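**Q** Mind looking at a prediction? Sequence and model below.
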Amino acid sequence: MPDPRNLSRILIDLSHTVEHGLVTYKGLPAPIICDYLSREASRKHYAPGTEFQIGKIEMVANTGTYLDSPFHRYADGKDLSQLELTKLANLPAIKISAQQKQAIDVSCFPRGEDLAGKAVLVETGWSRHWKTDQYFEGHPFLTEDAARLLVDSGAALVGIDSHNIDNVQDLRRPVHSILLKQEIPIVEHMTNLAAAPPKDFRFFAVPVKVKGFGTFPVRAFAIA
């Protein structure tokens with residue numbers, strides 16, 4: 001019988017769709033998605049009426065909604081294959097609403113809120129500009145003091161529905177540097193955070209287990 005505790009739970013998709021020609025970050029190439037083996041070409045390999053498609057994709061790791069591991073920033077940091085699932089899946093989560101500020105500082109985080117061991121998802125509303133030129137200009141970002149607060153509070157993972165968790169004008173990339181140094185994964189380019197509750201939900205963002213990679217797309221979702 002179904003577990004009655006799960007009957008009222010809903011799945012909330014928090015990811016953008018990766019598609020041919022998608023530009024996630026200006027200056028990085030869009031993915032090329034095509035057939036490696038088309039259905040038509042496959043017919044000669046199988047019995048009449050049987051066909052398969054094998055797809056091929058060429059893309060940079062920073063495509064769509066993706067997760068950064070420490071290796072993205074640090075040569076000696078953990079890569080995707082070394083991340084524990086406990087850092088990526090079934091995390092207790094909290095949503096921070098910060099839709100009125102570009103520089104999201106410590107004042108945007110509720111004082112006294114317990115962030116320890118949680119996925120902290122920052123809702124800026126910026127994903128409404130996805131696939132437009134405005135998405136890349138003047139986007140919301142976390143400040144350096146906010147990143148330090150998240151580290152000091154014991155956050156397990158940090159996500160944002162914006163173009164970058166850092167101010168791209170700051171070439172130090174302090175938020176990436178601070179969080180990834182403490183092995184706190186980052187999920188960028190999220191969407192649909194308005195559908196997630198403020199707290200008391202679970203979060204998942206699991207990338208493919210690739211050795212020697214620091215970043216990869218995820219199907220981020222919540223269970224509420």
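**A** Okay, I see it. Keep in mind that this is a model prediction, so the values were computed, not measured. Numbering: from 1, shown residues only.

**Q** Would you map out the domains in this protein?
**A** 11-15+61-223, 19-58 (automatic domain parsing).

**Q** Need the ones you listed in a markdown table (columns: mean pLDDT).
**A** Formatted as a markdown table, the domains of the chain follow (pLDDT from 0 to 100):
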| stretch | mean pLDDT |
| --- | --- |
| domain 11-15+61-223 | 97 |
| domain 19-58 | 97 |
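
**Q** looking at these, which is buried most?
**A** domain 11-15+61-223 (a mean of 18; mean count of other C-beta atoms under 10 Å). All C-beta atoms are positioned from the backbone trio N, CA, C, and that covers glycine.

**Q** next one: that domain to chain centre, how far?
**A** Centre-to-centre, domain 11-15+61-223 and its host chain are 6 Å apart (C-alpha atoms, centre = their mean, to the nearest Å).

**Q** Helices of the chain, residue ranges please.
**A** Per DSSP state H, the chain carries helices over the ranges 39-42, 144-152, 174-181.

**Q** Make JSON lines out of those helices and add distance to residue 93.
**A** Below are the helices of the chain laid out as JSON lines (distance: least, C-beta to C-beta, whole Å):
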{"stretch": "helix 39-42", "distance to residue 93": "40"}
{"stretch": "helix 144-152", "distance to residue 93": "13"}
{"stretch": "helix 174-181", "distance to residue 93": "16"}
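
**Q** Nearest residue to the middle of the chain?
**A** residue 187 (2.9 Å; C-alpha atoms, centre = their mean).

**Q** Tell me the bridge partners for it.
**A** Beta-bridge partners recorded for residue 187 (DSSP bridges): residue 67, residue 159.

**Q** hang on, isn't it packed against residue 218?
**A** Yes: assessed by C-beta atoms under 8 Å, residue 187 is found in contact with residue 218 at 6.6 Å.

**Q** shared neighbours, the two?
**A** 65-67, 205 (C-beta atoms under 8 Å, 6 or more residues apart in numbering).

**Q** Tabulate the residues you listed in CSV, adding columns for distance to residue 192.
**A** Formatted as CSV, those follow (distance: C-beta to C-beta, whole Å):
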residue, distance to residue 192
65, 10
66, 16
67, 17
205, 13
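
**Q** Since that was my last question, I'll sign off now.
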